[in-house]
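Enquirer: Need the 3D shape of this:
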Amino acid sequence: MKLPVYCAVALGLTALASAQPGKQSGRSQASVSYIVLQDAEKDSLIGISSEGKLVSTIANGAGGVALTADKDGNYIVAGKSRLLRVSPSGAVSTVATAPGGAQWNAVAAEPDGSFLVADVNAPGIWHVAPDGMVASEPEFQRIIRYPATILGLAVDEATGARSVLFDSGARFLRLLRQSGNGASVEVRLQGAELRSPAGFASDGSGGFLVTANVGLGVYRISPDGGVSRFADLPNTEGEAAALTRSAVGEIVVFAPYAQSLVRLNADGSRRDIISLPRSIQFFAAAVIPFPENKR
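Expert: Numbering: from 1, shown residues only. This next block holds a predicted model:
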């Protein structure tokens, strides 16, 4: 896995819905969450069962560097120059094409069916309407200017509030929050030192969770920008490339170099570690419903 791609992975995650009950064979009728990974070598979306034992291909030809899901349960892939939609049955279609010079490396779904995508080149944020129309976001463009680097992008499913974590280019990390009515608040992060941040996701209570590769761990960012350590990650997992959180509170940290998924409970305690097959090299990952009867 090449380093530039690995860095892009960290930007591409967002919190998604929990799994829904499905018909199951030989198991209880309880809801089951699945980890859906984008496989770099095979240019495909891969579904992995919650216990890490069963693997299946969802679709081929869906290459990209960031992954989320829309309100209808389709998988949305940011592929640098385009945004793809992959149905649960594996059909691949193009949602939108990036404007000339733009390079999309993160995506978040909005409640109305549209999407926000982060542009690593501008830097900036683009809005993609449900019909594929692409437009710039002036307020984000005004505040996030070169040489800033966008580190994370999230949208609150309930309120529609948008949040961007970025490095201002002056060695300060900042959080830009935009409410559903368009009002923006920018805060500088303070408290525990957050170095080399990676995955970024809502914590379900107005704050955010982010992984850090220096001082390996998971940190919480409060709405006012306060930073505190939330969970430790042992060095045996290697670097933490990404993080996501399901609607039921399960937190999953992805460690690609160690080929493992570290699952945390809502209070930060460690639930378990799942080892992945060495043949899987993933660019992006998320907790997405994947009913067993679809395998």
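Enquirer: C-alpha from now on. contacts and neighbour counts both.
Expert: OK.
Enquirer: Following the chain past the helix or strand of the chain with the lowest mean pLDDT, name the next helix or strand.
Expert: Every helix and strand of the chain was ranked by mean pLDDT, DSSP states H and E. The lowest is helix 3-9, at a mean of 31. Reading on from helix 3-9 to the C-terminus, the next helix or strand found by DSSP states H and E is strand 33-39.
Enquirer: And the next helix or strand past that next one?
Expert: Next helix or strand after strand 33-39 toward the C-terminus (DSSP H and E): strand 44-48.
Enquirer: Next secondary structure after that following strand?
Expert: Counting by DSSP H and E, the next helix or strand C-terminal to strand 44-48 is strand 55-60.
Enquirer: And for that next one, what's in contact with it?
Expert: Contact with strand 55-60 is made by 42-49, 86, 88-92, 295, as judged by C-alpha atoms under 8 Å, 6 or more residues apart in numbering.
Enquirer: which secondary structure element contains the residue nearest to residue 76 when sequence neighbours are not counted?
Expert: With C-alpha to C-alpha, 6 or more residues apart in numbering as the criterion, residue 76 has its nearest non-adjacent residue at 4.7 Å, and that residue is residue 85. Using DSSP H and E, residue 85 sits in strand 82-86.
Enquirer: Can you tell me who the nearest residue to residue 70 once chain neighbours are set aside pairs with across the strands?
Expert: Of all residues not flanking residue 70 in the chain, residue 109 sits nearest, at 5.8 Å (C-alpha to C-alpha, 6+ apart). Note on residue 109: beta-bridge partners by DSSP bridges are residue 115.
Enquirer: Where does pLDDT dip in this protein?
Expert: 1-33, 40-42, 170, 235-238, 240-241, 279, 281-295 (pLDDT under 70).
Enquirer: now the helices for it?
Expert: Secondary structure of the chain by DSSP state H: the helices cover 3-9, 138-143.
Enquirer: which residues are in contact with the shortest one?
Expert: Contacting residues not belonging to helix 138-143 are listed as 123-125, 184 [C-alpha under 8 Å, 6+ apart].
Enquirer: can you rerun that using 6 Å?
Expert: Helix 138-143 is contacted by residues residue 124 when judged by C-alpha atoms under 6 Å, 6 or more residues apart in numbering.
Enquirer: Just give me how far it sits from the chain centre.
Expert: From the chain centre to the centre of helix 138-143 is a distance of 22 Å (C-alpha atoms, centre = their mean, to the nearest Å).
Enquirer: residues of it that come out buried?
Expert: For helix 138-143, a neighbour-count test (16 or more other C-alpha atoms under 10 Å) marks residue 140 as buried.
Enquirer: quick revisit: and the angle for the strand holding residue 85 with strand 44-48?
Expert: Relative orientation of strand 82-86 versus strand 44-48 (axes from the mean of the first three to the mean of the last three C-alpha atoms, to 10 degrees): 40 degrees.
Enquirer: So what are the sheet partners of strand 82-86 and their directions?
Expert: Neighbouring strands of strand 82-86 in its sheet, by DSSP bridges, are strand 75-78 (antiparallel), strand 92-97 (antiparallel).
Enquirer: circling back to that earlier point, tell me the spacing between the residue nearest to residue 76 and residue 59.
Expert: 11 Å (C-alpha to C-alpha, to the nearest Å).
Enquirer: repeat for residue 165
Expert: Look at residue 165 and residue 59: by C-alpha to C-alpha, they are 31 Å apart.
Enquirer: out of those two, which sits in the busier spot?
Expert: Neighbour count, other C-alpha atoms under 10 Å: between residue 165 and residue 59, residue 165 has more, with 25 against 21.
Enquirer: What about the residue nearest to residue 76, how many residues nearby?
Expert: Look at residue 85: counted by other C-alpha under 10 Å, it has 22 neighbours.
Enquirer: dump the residue contacts of it.
Expert: Applying C-alpha under 6 Å, 6+ apart, we find residue 85 in contact with 75-76, 92-93.
Enquirer: Dump those to CSV, plus distance to residue 177.
Expert: Output for the contacts of residue 85, formatted as CSV (distance: C-alpha to C-alpha, whole Å):
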residue, distance to residue 177
75, 25
76, 23
92, 32
93, 31
